[in-house]
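1. no sequence on this one, just coordinates:
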């Protein structure tokens, strides 16, 4: 048996385009192993579209429709659009804001100094009061620009960009993960079909035994108890067959929902497991794990939380804003006359003194969120290591189990054939035939399940390693 070293990553530079230095896992995770020992088959090149390696056109068609039609993927894409617009909003605070303001008003003034309705109370006649009416209209262009003296808004812009990138990579991983689950479901359907076929064959064998015993009973060769035993076996086989059919139909309906079609019981799939499955390279680069989209997203989320923490700190500092306006203010006839133009310009200073502890609380929240983001990053990193370790181990054990089951089926077929021949000659008992029949199809069912598990474990390993491979041998 051949073993290949998989040297573990020494530093986790998750992406070369990150705006900050990458996190070093040694500073937050202890006891990282130096290598992974794996047992792999002969390798082939694996493309980014890793499911092509199954060489199953029906699977390719199913996944193509899944990627185009799946509702969950559409919802995730919409969430990335929201994150993009949030990034635009965070960037807009760096630039001046412009707005047009228009107003119209009418005022009245009289010599009495108060409304005419009250003049009688003071003994004045209404004709002795002089009234003046005035109309005023204004049109102006206003601007305001907060000077980012402390970098507060630049930190907000950086956080918004990193949150958007995190959303993008989260979507990529979500798409990767859902595609993996859809592929597993496809092979679960193949397994269910094979289990149904095995149940049908098991029922057919039970029917042959029952018919044979019915003939013998009618001839008075066997007892009623023996006939009832064969009928019991037939009924159990029939019940198992119906259950297997129901399970297969349920999985097909689930798959139809994934591709946004009416959940009927019709789906074109293969009936056999593929002979070819995606292989992994004999030697995997140590830093392959850094390409995982979920780890990249986790790092961007951590960097965003750092920026938001800095922004919260700088919100405690004074802010300076340039304000200005230009326009006209007059009656409606002179509104566009340059002689009635007005303008203003100034500098506003706002320094927080007392706000009930709101800014301090925001700062503490931002710092706590940064600590939470760090813990989430560490947890995601450890989970990634665990998934690779488990994937390598399970991949090896399922291949061993598969080989053993194939040998068991050959033996079970031989035992059943020999036992049935002896039963037909009256040498073996019905219990011997039932046990041989059950053993044969139990092994066949275990083989189908193990085939499905082997494929699932290989898919899980590809997911843990961050995708397929493009390399030259």
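-> That came in fine, so what should we check first? All values derive from a computational prediction rather than experimental measurement.
2. from here on, just use CA atoms for contacts and neighbour counts.
-> Noted.
3. where in the stretch 151-300 of the chain is pLDDT low?
-> 282-287 (pLDDT under 70).
4. and the gap between the residue lying closest to residue 455 once chain neighbours are set aside and residue 193?
-> Closest residue in space to residue 455, ignoring its immediate chain neighbours: residue 277 at 7.2 Å, by Cα to Cα, 6 or more residues apart in numbering. To residue 193, residue 277 is 20 Å away according to Cα to Cα, to the nearest Å.
5. which residues does residue 101 form beta bridges with?
-> Here residue 101 sits in beta bridges with residue 140, going by DSSP bridges.
6. show me the strands in the stretch 251-400 of the chain, by range?
-> 319-330, 341-350 (DSSP state E, counting those that start in this stretch).
7. in the stretch 351-473 of the chain, where is pLDDT below threshold?
-> Short version for the stretch 351-473 of the chain, where the test is pLDDT under 70: 468-473.
8. same check, this time on the stretch 1-150 of the chain
-> Checking the stretch 1-150 of the chain against pLDDT under 70 turns up 1-48, 108-132.
9. one more pass at 50, please.
-> Residues of the stretch 1-150 of the chain meeting the criterion pLDDT under 50: 1-26, 28, 32-47.
10. tally of neighbours for residue 223?
-> Neighbourhood size, residue 223 [other Cα atoms under 10 Å]: 12.
11. ok, it touching residue 215?
-> No: taking contacts as Cα atoms under 8 Å, residue 223 lies outside contact range of residue 215: 11.6 Å.
12. looking at residue 277 and residue 193, which is more packed in?
-> More neighbours surround residue 193 than the other of residue 277 and residue 193, with 22 against 19 (other Cα under 10 Å).
13. and the residue lying closest to the more buried one once chain neighbours are set aside, how far from residue 297?
-> Nearest in space to residue 193, with sequence neighbours left out and distances taken as Cα to Cα, 6+ apart, is residue 248 at 6.2 Å. Here residue 248 is placed at a distance of 37 Å from residue 297 (Cα to Cα).
14. okay, the two: which has more neighbours?
-> A direct count of neighbours by other Cα under 10 Å for residue 248 and residue 297 places residue 297 higher, at 26 against 21.
15. so the more buried one touches residue 170, yeah?
-> Yes: at 5.7 Å, residue 297 counts as touching residue 170 under the criterion of Cα under 8 Å.
16. burial measure for residue 407, as a count.
-> Neighbours around residue 407, by other Cα under 10 Å: 11.
17. now do residue 147
-> Burial of residue 147 is recorded as 17 neighbouring residues (other Cα under 10 Å).
18. also residue 302?
-> Residue 302, neighbours per other Cα under 10 Å, totals 26.
19. just residue 176 next, same as before
-> With other Cα under 10 Å as criterion, residue 176 counts 16.
20. so which helix or strand takes in it?
-> Under the criterion DSSP states H and E, the helix or strand holding residue 176 is helix 152-218.
21. and that helix, what does it pack onto?
-> The contact analysis (3 or more Cα pairs under 8 Å, 6 or more residues apart in numbering; DSSP states H and E) places helix 152-218 against helix 57-69, helix 71-92, helix 224-258, helix 293-314, helix 430-464.
22. let's go with 7 Å and repeat that
-> Identification of packing neighbours for helix 152-218 by 3 or more Cα pairs under 7 Å, 6 or more residues apart in numbering; DSSP states H and E yields helix 71-92, helix 224-258, helix 293-314, helix 430-464.
23. can I get the ones you listed in CSV including distance to residue 411?
-> Listed next are the helices and strands packed on helix 152-218 as CSV, based on distance: least, Cα to Cα, whole Å:
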stretch, distance to residue 411
helix 71-92, 46
helix 224-258, 22
helix 293-314, 46
helix 430-464, 9
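24. quick one: which of those is nearest residue 135?
-> When those are compared by Cα to Cα, helix 71-92 sits nearest residue 135, at 37.7 Å.
25. list the buried residues of the closest one.
-> Across helix 71-92, burial judged by 16 or more other Cα atoms under 10 Å covers 73, 76-77, 80, 83-84, 86-87, 90-91.
26. which one of those residues is nearest residue 424?
-> Once Cα to Cα is applied, the member of the buried residues of helix 71-92 that ends up nearest residue 424 is residue 73, at 58.4 Å.
27. separation between the closest residue in space to the closest one that isn't next to it in sequence and residue 68?
-> Spatial nearest neighbour of residue 73, chain neighbours left out: residue 175 (6.5 Å); criterion: Cα to Cα, 6+ apart. With distances taken as Cα to Cα, residue 175 is found 11 Å from residue 68.
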